[in-house]
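Colleague: what follows is a predicted protein model with its sequence.
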Amino acid sequence: MSESHLTPKIAKEIKRKDILFSMAMEYETGHLIAGSSDSNLYAYDFTEAADTEPRPLAGHSSYVTGIALTRRWIVSGSYDGSLIWWHRESGVQERRIPAHTRWIRGVVASPDRGIIASVADDMVCRVWNAETGGLIHQLQGHPELTPQHYPSMLFVCAFSPDGRHLATADKPGRIIVWDLESGTAISTLEAPTMYTWDPKQRRHSIGGIRSLAFSPDGTRLAAGGIGQIGNIDHLAAKARIEIFDWRKAQRVVEFPGDKFNGLVEHMAFHPNEHWLAVAGGDHKGFLIFLNPSDGKVIRQDTAPMHVHEFALNDQGDRMTAVGHHKIVEWAVEG
């Protein structure tokens, strides 16, 4: 596929005053839920005939950094450490759980929407019954400290397409794949290039794996972040992606970045694996499409904002993204 055959075109753009850190999108109903820096969730009707004025859901006390849609609920997580179950139709809170002792970094639903996983800077991934809120597993395997003995961070988790496995990834670049029936770790991968330590000027670390995506057949796992950073006061390094055969614990594809600086905040494979879509930013944003077989660029463009999360529909021809001060929807042609 050549670059000229793949054309993402902006179909909708909504300006906002805040930063949107998280989202969940249901294309069949047009429901978009976005999590904000102002501690609220915002529910949009994204059908063609709908007004774009959102319905706010207030209940958290800090950034809303993870949202999952289940059959009956919106489940949100925040830097306040709590998970909230909201009724999808009324927006009324059903339950609030003190889920983590430190900042929640992500919340995702399994493909069948039966379970929820949350990750936080307490370095624990917790797996919940999506209907009852009951705790199913407490997955602990990521070190609490970086190699330099500073607090680490657990940034992201992702379910496999069949819902049998869950991957988690941390700041120093460790990925663990878990078996969800037993709650045991079955594979460990390392991507240390995505972690930078400055021992001189700041004694400060930056980077980490910020996004994960399983291939549609479940055999490969893509990890996204940033390469080695020269100036740790800025995200002055190329966006980086590594793809693993996770069962063999082998890296099979490496994209060290060639145009855009910044963090890879979110990724998704095309349903037929024609490409891997990658988005993020360094305050400015980018949208990259890679060939997942060899890591070569199919197309890369500037995005209208630093993208924090996006959704891809089942046909792979619509993408909806949230980020700094905007919501954007692309029609992906080709």
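Modeller: Yes, it's here.

Colleague: what helix or strand is Ala213 located in?
Modeller: strand 211-214 (DSSP states H and E).

Colleague: can you tell me the closest non-neighbouring residue to Val253?
Modeller: Residue nearest to Val253 in three dimensions, not counting chain neighbours: Ile243, with 3.8 Å by CB to CB, 6 or more residues apart in numbering. Using the backbone N, CA and C atoms, a C-beta is placed for each residue, glycine as well.

Colleague: coming back round to it: ok, then the element right after the strand holding Ala213?
Modeller: Later in the chain than strand 211-214, the nearest helix or strand by DSSP H and E is strand 220-226.

Colleague: what mean pLDDT does that next one have?
Modeller: In this model, strand 220-226 has a mean pLDDT of 97.

Colleague: restrict it to CA atoms and write it as PDB.
Modeller: Output of strand 220-226 as PDB, limited to C-alpha atoms (Å, rounded to 0.1, in the frame of the first residue of the first chain):
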ATOM      1  CA  ARG A 220       1.700  -9.900  18.100                       C
ATOM      2  CA  LEU A 221       1.700  -7.000  20.600                       C
ATOM      3  CA  ALA A 222       2.700  -3.500  19.700                       C
ATOM      4  CA  ALA A 223       4.200  -1.100  22.300                       C
ATOM      5  CA  GLY A 224       4.500   2.600  21.800                       C
ATOM      6  CA  GLY A 225       6.400   5.300  23.600                       C
ATOM      7  CA  ILE A 226       9.300   7.600  22.900                       C
END
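
Colleague: can you list the strands that it pairs with?
Modeller: Sheet partners assigned to strand 220-226 using DSSP bridges are listed as strand 211-214 (antiparallel), strand 239-245 (antiparallel).

Colleague: how far off centre is that strand?
Modeller: The chain centroid and the centroid of strand 220-226 are separated by 11 Å under CA atoms, centre = their mean, to the nearest Å.

Colleague: poorly predicted segments of the stretch 101-250 of the chain, please.
Modeller: Per-residue confidence for the stretch 101-250 of the chain (pLDDT under 70) gives these ranges: 201-205, 231-235.

Colleague: can I get the strands paired with strand 220-226 in JSON lines with mean neighbour count and distance to Ser160?
Modeller: Listed next are those as JSON lines, based on neighbours: other CB atoms under 10 Å; distance: least, CB to CB, whole Å:
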{"stretch": "strand 211-214", "mean neighbour count": "24", "distance to Ser160": "5"}
{"stretch": "strand 239-245", "mean neighbour count": "24", "distance to Ser160": "13"}
